[in-house]
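> Sequence first, then the predicted structure:
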Amino acid sequence: MNKTIVNNSRPGKFDFKAFSMNYFSFIGLVIVLVVFELLTGGKLLGQRNLMNIFNNFFSIGLGSMGVVFLMSLGELDMSVGAIVGLSAAFGALSARTGTSFIFPVAVGTGLFVGLLNGIIISKLKVPSFIATLAMSFVGRGMTTFLLNGSVGIPVSMRTFDNNVLKIALFITVTAAFYILFDYTAYGKRCRSIGASAEAARQSGVKVDRTKIAAFAISGFMCGLVGFFSLVRTCTASAKTGSAFEFDVLLAVLFGGMSLSGGWTVKFRAAVVGSISMAIVYNGMSLMGINGLTQQIVQGILLIIIVAVSFDRRNSLVIK
Amino acid sequence: MQTMSKDSLFKAEKINKSFGLTHALVDVDLAVGCGEIMGLIGENGSGKSTISSIAAGIQKPDSGVMYLDGTEYRPGGTIDAINHGVSMIVQEQGTIGLITVAANIFVGKEDLFTKAGVLHAGKMNRAAQEILDSIGAGHIHAKSMIDDLTFEDRKLVELARALYSKPRLLIVDETTTALTVKGREILYSLMTKMKEAGSSMMFISHDIDEVMRICDSLTVLRDGVLTATLKKEDFNIETIKQLMIGREMSGHYYREDEKSSFGEEVVLEARDVSNEILKNVSVKLHKGEILGVGGLSDCGMHDLGKVLFGLIAPDSGSVLLSDQVRVTDAAMAVDQGIGYVSKNRDRESMMTVCSIKDNICLPSLKDLQKIGLIGRKKEAELAQKWSDVLTVKAGSIKTFCNALSGGNKQKVVLAKWLGKGSEILILDCPTRGIDIGTKAAIYMLIENLKKDGKSIVLISEELSELIGMSDRIIVMKDGGISGEYDRSEGLTEAKLIQNMI
Amino acid sequence: MKKVLSIMLAAVMIVGFVTGCSAKSSETTAKDSAAEAATTVAAAAAEASEKSGDPEPFTIGFPWATASTDPTFVSIVNNVRAAVESAGGELVLVESDLTADTLINNISELISRGVDGIIFMPASDSMLPTVDQMCSEAGVYYSTMFRSINDADIKDTIYASKYFAGACFEDDEICSYNITKNLVDQGVKNLCVINIAKGDTSSDLRDKGIEKAVKETGINLLNTSYGITVQTDMTKTIESYIAAYPEMDGILLAGTYCDAALPTIEKALSDHNMAGKIKVGRIDFDFTMGEYLANGSFNVAYGGQQQIDPMLSAVILVNSVIGTPIVTDGPFILITNYLELTSSEEADNFLKFFLGDDPVFTADEIKASMIKYYDSSLNEDSFKKIVADFSVADVAARHANL
C-alpha cells in the first residue's frame, strides 16, 4: 500500500520530548542531586553522608522493588508498613527461642501475609486497595497486641547491620528483580494483566496465580525490610514500619511509575525513585529545614512529578 | 472531478490532514447534495473516518475549506458542529454510562427542562420517550439506565440523540456493524424519512451490499485520495471493489470448493454442555474442519465459543480434547493448542496499550524461555515473522496497537495464535468491522490453515461468510442447536434463516 | 545509550559507597584522639583553676519533633539550646517522629555529620545498647532526658559506658503516687486513667505509682487507656468512660503524646455537662491549665519538669563534651522533682515564664552557675541544690525583668 508520506522530522534531530519521557526518572534524579548538592554547600555528596543516604533508601528501595510487580498488575499494596512491623515483631519474639530464628521467622511472616493478601484479592475478588488497607489494620493491631510496647533483641545481632552486606544485598536484589521483571515470562505476564486482565486471560495467562505471586513477593520483601530494621535498632515496636506504605508509594511515583500498571511501567521507577526521594529527605535534613516545611516540600514535589509523568500515555490514534 | 453544484448542502474543498508522517487526506474534494445519502467507502486507512470527523468538528483540517449551505463552515468542536446542524454517530460506544436514557438523549440540553435550577426529570423522560417512539424504538424506556440496555439499543439511543438536534447533515460512521438486522432496518427507515424531509447523510460502511442499497451516490477513497464518485445508476459491485483496493481481486473471496472435507478424528468436543444460556449442547469439531456456527445474536453461539475455550465453565457437561482430556480453563486450553479470538477485539482479544511484539509473544512466553529467561532477540524474531506473514501494516513491531486500524489489529490477534502454533482456532466474528481487503486476506488465511490440517470453529453473524467458508454449519436458537448443514448439500441463506428464527 | 547511562550511574554509586565505608574508620580514630586531647587540655585548665578563656566550639545533635507547634515541645528546644549555647556550642536539630527506628537513623546521621554530643529522649530501653555502640565507635558523648532505664542488664551496660554522660529524669512512680493521693484527698473514689503507652518507661512507672496509691487508699481504678495520639481518639475515650462508668468521679491524665490533650478532655466533659463534677488531674503542665483551674473544672497538676529536665540533661552532656564532666568516675544521674500546681495564678506564671520565649535558665545564667569549665567547684551537690530550689516562683523572680 503506497501512502504519501510527508517527512516532518529532520534526520538526526534529537527528539527531546521522547527522550525526556523515557528517561524521566533519571533526569529527575540528576536534578535532585544537583539542586541539593548546591543547597547544602557540597555536604550532600560527602563521603559519610553517602552512607546516610544509602541507609535511607535501603528500606524504601527494597520495599519499592517488592511492589513493582503488583503495581504493574495495576494493584496497590497499602499493607507494606504493617507487614514490616509484624515481621519485625515476630522476628523479635522468636529471638527468645534463639537468634538464628529471627531471619527465617521475619521473612516467613512477610511471605505468609503477602500470600494471604494475594488470595483475598484474587479469589475473593476484593479490590486490592481495600483488602490491603484492611490487612494493614489487622497487622498493626496484632503487632501492638503482641509486643505490648516494644521488644528488644540481643545487641549482638547488630553485626548484621553491616554496610557491605546491605550494599551487596541491594545490588543483588536489584539485578535479580530487574531480570525477573524484564526478561522472564512472569514479569511479562504481570504487565499483560495490568494492560488488560481479560486479554491476558484469553491468551492463556493464569491471572489468579500471577497476582498471588506478586503479593507474595511484596510480602517477602517487607519481611526482609523488617529484619533489617530489627537488626539496626535491635528493637521492634508497634511503630516499626509505620507510614512505610506512603514512603514506598511516594518513591515509585517520584520515579514516574504509572499507577494503572501495564506495559508502560518501567522497573527503574522503583530504584531511581527511592534514591531520589532519599536524597530529598537527606538534603532537607542537612539544610536544617524543619519537619513542617519538609512535608510541604514533599507534597509540592509529588504534585509536580505526577503532573509531568502522567502525560506519558501512548494514546495515538490514527484513523 | 466533482461537479460543484450550487445546491450542495455540504462541500469540502482541498482538505488536507496529516498525522505525524502519515498524510491521511490529500486534497480531498467532497460534496453532498440536499436530500442526498452519500456513501463513503474505502479500505481501512483510506481516510474516510478522518474526513467525516473533520466534518463533524472533532478535528480540524491542516488546510482546505468547508461550506455549509454556501457559507463557510469552520466548526470549533462537536457542540459547535451540532449547533450548525452537523451530527455524527459512530461505531464504538457513544453513550454515557451510569445515567438514564433520557439524560443521554438530552445531554448538554438539560436547560430545556430546568426551572430555577431544578431539573424536571419527568418532563425530560416524556420528551425522550416521544422521540424514541417516533423513530420506532419505542421498546426502549426513557427512564431506564443506559447500562441496562443492549449494545444495539444503546446505539438507537445515540441515534435518537443525534436526530433530536434535527441535523441537516447526519454522518453515520460505520455504525451498522454493531447493529443486528432489526437495528439496521430502523436506521434505514429513519434515513429514508430524513431524506424525504430534505436532510442529507454521509454514510460510511464496509458493507458494500448495504451501501449499494441505500445510498444515492458513492464516493470512494483510497490512501487519502478521492478515486471515484459513482451515481446510483452506475453501481456495480465488482467495479466498486476494484476502486477500493486498486487492484484486481484475483480469484475468489470465500472458498471455491463446494464439498466439505475433514478428517475422522474429533479434536474438540462439547458434550451435553449447559449453563444459563446453553441448553444441552453437543458439538464435535473434526481435524481439518471449518465448523461454522450461526444464529441470531443472543442464540448462545458466543457463549459456546467461550465454553469451548474454557473461559466459561459449564454448569453441566464437559468439553473434551481428542485424548478425552477435559478442558478446564483457558490457560490449559492454550497449552493444549487451542486459540480463541473474541468478538470484542479491543477489550478481550488484545491489549491495546501495548506493542505488537508483546501482544504476539504473550501466549508463547513459555516456549520462548531458555533457563527461565526470554531473550529480546527471540521475542523480536517471533513477532516479526508472524507480523510479516500476516502483513500487519505498522511502523515496527514496537508500535502500540491502539495506533492500528481494526483490520491490522485483527491480524495481530491472529498472528498471536499462529505464533503459538495452535492447532485449533475458535474465531468469533473475526471479520467484524474490517475492510474488504483485510477480510479477503483473512479468508485466505483460514483456508490455508485448513489445508495445513488445523481445525477451526467459525462463529459469525454474517451468513454469507458462514456459507462461503464452512465445511459444516450449525445453527443455534435459544441456547440449543436447531439445525446442521453440510457444505456438500449446497447452502443458502434461506435454509439457515429458517432455523434461526 | 540507555545501557551506558545505567552503567555509569551504577559505577558512580558503588565508588561513592566504597569510599564512604572506608573513610568512616579513619575518621573514628581521628575523633578519639581529638577527644583525648581535649580532655587533657581541659584537665590542665581545671588544675590551674582559672577561667582560661572559653572552651573549644562544639556541636550537639538533638533529634526532636520539630514539626510540632505545641508550646511545650518548643520550650524543650529552647531550654536545650540555652544549655548548649551557654558554653559556646551550636545546636543541630533533626526532625524525628521519636520512634526507636527513626531515632537510631537520626543518631546515625548526626554522628556522620560530625557532632560532638547527642541528646535525646529514648523511645525504649532496648534501643539504648544500639545507640551506645554507635556513639562509642564514633567517640561521641550522649545523654538522655525524661527517661530512666528499667532493664537491669541494659542499665549496667549503659552506666558502664565511657560515652554515656548521664541522664536526667523524674521519679515517675513517686509523682503518680502523689498526684493520685491528692485526687483521693479531693474526694475521688472511682478513677479513670489515660497514660502514654505500654512499654514506655515513664508510662510504666506512672502506672506503678497509681496502682500503689490505689491499693493504699482502696479506691477503684476503673480503666486505663494507652496510645492516644490524636484528639478525636481522646474525645472518644472520654465519652466512652462517661458512658460506661456513670460512677466515675475522677480522671487522671497521667501522660500522652496527644496535642492539646487537656482542652480536648475538658470539652468532652463540658459537652456532657460533667465539667466541674469530675475531678481532673494531670501529670505534665500545659498552657491551658489556667482557665480550667479558674473555673474549677481542673484540679491539680504535677509537672513543671519538662523544661528543667532537658536543660539539665543538656548541661550534663555539654560539661562532658567540653572536658569538664560533673562526675568523673561514671555517668551523672540527676533526679528532678515534679512541682505541684493548684492555683490559676501559678498557672499564669507557668505560662509566662516556662512556656514563653525564654528558657527557665538563660544561657548566661547557665554559664554562671552550671558550667564546670568556668567554675571548677561545681559538683553533684551543687546541682541537687539547684533542683531543690527550683519552682515556678523561683523562675518568676529571676526572670521578672526580662
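Right, received. Where do you want to start? Numbering: from 1, shown residues only, chains lettered A, B, ... in the order given.

> State the number of residues packed around B:Gly337.
A count of nearby residues for B:Gly337, using other Cβ atoms under 10 Å in any protein chain shown, gives 18. The C-beta positions use only the backbone N, C-alpha and C, and glycine is treated the same way.

> Show the end-to-end separation of stretch B:256-265, please.
Between the opening and closing residues of stretch B:256-265 we find a distance of 24 Å, counting by Cα to Cα, to the nearest Å.

> quick one, strands of the stretch 301-402 of chain C?
Here the stretch 301-402 of chain C has its strands, by DSSP state E, counting those that start in this stretch, at C:332-336, C:339-341.

> Can I get those in TSV including mean pLDDT?
Formatted as TSV, the strands of the stretch 301-402 of chain C follow (pLDDT from 0 to 100):
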stretch	mean pLDDT
strand C:332-336	91
strand C:339-341	87
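
> CSV please, covering these and showing mean neighbour count and distance to chain B.
Supplementary listing: the strands of the stretch 301-402 of chain C in CSV, determined by neighbours: other Cβ atoms under 10 Å in any protein chain shown; distance: least, Cβ to the nearest Cβ, whole Å:
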stretch, mean neighbour count, distance to chain B
strand C:332-336, 20, 61
strand C:339-341, 20, 59
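
> can you list the ones you listed in a markdown table and add distance to chain A?
Formatted as a markdown table, the strands of the stretch 301-402 of chain C follow (distance: least, Cβ to the nearest Cβ, whole Å):
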| stretch | distance to chain A |
| --- | --- |
| strand C:332-336 | 22 |
| strand C:339-341 | 28 |
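
> Nearest to B:Ile96 among these would be which one?
Distances from B:Ile96 to each of those were compared by Cβ to Cβ, and the smallest falls on strand C:339-341, at 66.3 Å.

> which residues sit against that closest one?
With contacts defined as Cβ atoms under 8 Å, 6 or more residues apart in numbering or on different chains, strand C:339-341 is touched by C:178, C:182, C:285, C:289, C:300-305, C:347, C:350, C:390-392.

> Show me which of those residues are buried.
Burial by neighbour count, 16 or more other Cβ atoms under 10 Å in any protein chain shown: within those this picks out C:178, C:182, C:285, C:289, C:300-305, C:347, C:350, C:390-392.

> For those residues, name the two members farthest from one another.
Of all pairs drawn from the buried ones among the contacts of strand C:339-341, the one with the largest separation by Cβ to Cβ is C:Asn182 and C:Phe390; the distance is 19.9 Å.

> Show me what the host helix or strand of B:Gly437 is packed up against.
Assigned by DSSP states H and E, B:Gly437 belongs to helix B:436-451. For helix B:436-451, the packing partners by 3 or more Cβ pairs under 8 Å, 6 or more residues apart in numbering or on different chains; DSSP states H and E come out as helix B:237-245, helix B:406-420, strand B:455-459, helix B:463-469.

> so can I have CSV of the ones you listed showing mean neighbour count and mean pLDDT?
Rendered in CSV, the data for the helices and strands packed on helix B:436-451 read as follows (neighbours: other Cβ atoms under 10 Å in any protein chain shown; pLDDT from 0 to 100):
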stretch, mean neighbour count, mean pLDDT
helix B:237-245, 16, 75
helix B:406-420, 25, 92
strand B:455-459, 26, 95
helix B:463-469, 20, 87
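
> Quick check, C:Leu93 in contact with C:Ile76.
No: with contacts counted by Cβ atoms under 8 Å, C:Leu93 stays clear of C:Ile76, the gap being 11.1 Å.

> higher neighbour count, those two?
Higher neighbour count among C:Leu93 and C:Ile76: C:Ile76, with 25 against 19, using other Cβ under 10 Å.

> got a list of what that one touches?
When contacts are counted by Cβ under 8 Å, 6+ apart, C:Ile76 touches C:64, C:306-307, C:310.

> Which two of these have the greatest separation?
Comparing all pairs in those by Cβ to Cβ, the longest separation belongs to C:Trp64 and C:Gln307, at 13.9 Å.

> Who has more neighbours out of the two?
Set side by side, C:Trp64 and C:Gln307 show more neighbours around C:Gln307, with 26 against 23, by other Cβ under 10 Å.

> Verify the contact between that one and C:Arg81 for me.
No: using Cβ under 8 Å, C:Gln307 is not in contact with C:Arg81, being 11.8 Å away.

> Quick check: neighbours shared by these two?
Counting by Cβ under 8 Å, 6+ apart, the shared contacts of C:Gln307 and C:Arg81 are C:Pro359.

> ok, back up a step: which of the helices and strands packed on helix B:436-451 sits closest to chain C?
Within the helices and strands packed on helix B:436-451, the stretch nearest chain C is helix B:406-420; the backing value is 26.2 Å (Cβ to the nearest Cβ).

> Now do the buried residues in stretch B:186-199.
Along stretch B:186-199, these residues count as buried under the neighbour rule (16+ other Cβ under 10 Å): B:186-188, B:190-191, B:194-195, B:199.

> Near the closest residue to chain A within chain C, how many other residues are there?
Each residue of chain C has a distance to chain A, by Cβ to the nearest Cβ, and the smallest belongs to C:Gly199, at 1.3 Å. Here the count is done by other Cβ under 10 Å, and C:Gly199 has 23 residues near it.

> same question, A:Met287
When counting by other Cβ under 10 Å, one arrives at 15 neighbours for A:Met287.

> ditto for C:Tyr159
A total of 14 residues lie near C:Tyr159 under the criterion other Cβ under 10 Å.

> show me the contacts for the closest residue to it other than its chain neighbours.
Leaving aside its sequence neighbours, C:Tyr159 sits nearest to C:Pro331 (Cβ to Cβ, 6 or more residues apart in numbering or on different chains; 5.6 Å). Contact partners of C:Pro331, counting by Cβ under 8 Å, 6+ apart, are C:158-159, C:161, C:164-167.

> mind running it again at 10 Å?
C:Pro331 is in contact with C:143-144, C:158-167, C:316, C:320, C:325, counting by Cβ atoms under 10 Å, 6 or more residues apart in numbering or on different chains.

> so B:Ile424 sits right up against B:Gly305, yeah?
No: look at B:Ile424 against B:Gly305 with Cβ atoms under 10 Å: they stay out of range, at 11.8 Å.

> how far away is the residue of chain C closest to chain A from chain B?
Plainly put, C:Gly199 is 46 Å away from chain B if you go by Cβ to the nearest Cβ, to the nearest Å.

> For that residue, pull up the helix or strand it's in.
Going by DSSP H and E, C:Gly199 is not part of any helix or strand.

> repeat for B:Leu291
With the criterion set as DSSP H and E, the secondary-structure element containing B:Leu291 is strand B:290-295.

> Next secondary structure after that strand?
The element immediately downstream of strand B:290-295 (helix or strand, assigned by DSSP H and E) is helix B:301-309.

> Show me which residues of the stretch 101-250 of chain C sit near chain A.
Residues of the stretch 101-250 of chain C that fall close to chain A, judged by Cβ under 10 Å from any Cβ of the partner chain: C:101-106, C:108-114, C:122-134, C:151, C:154, C:157, C:197-201, C:203-204, C:226-227.
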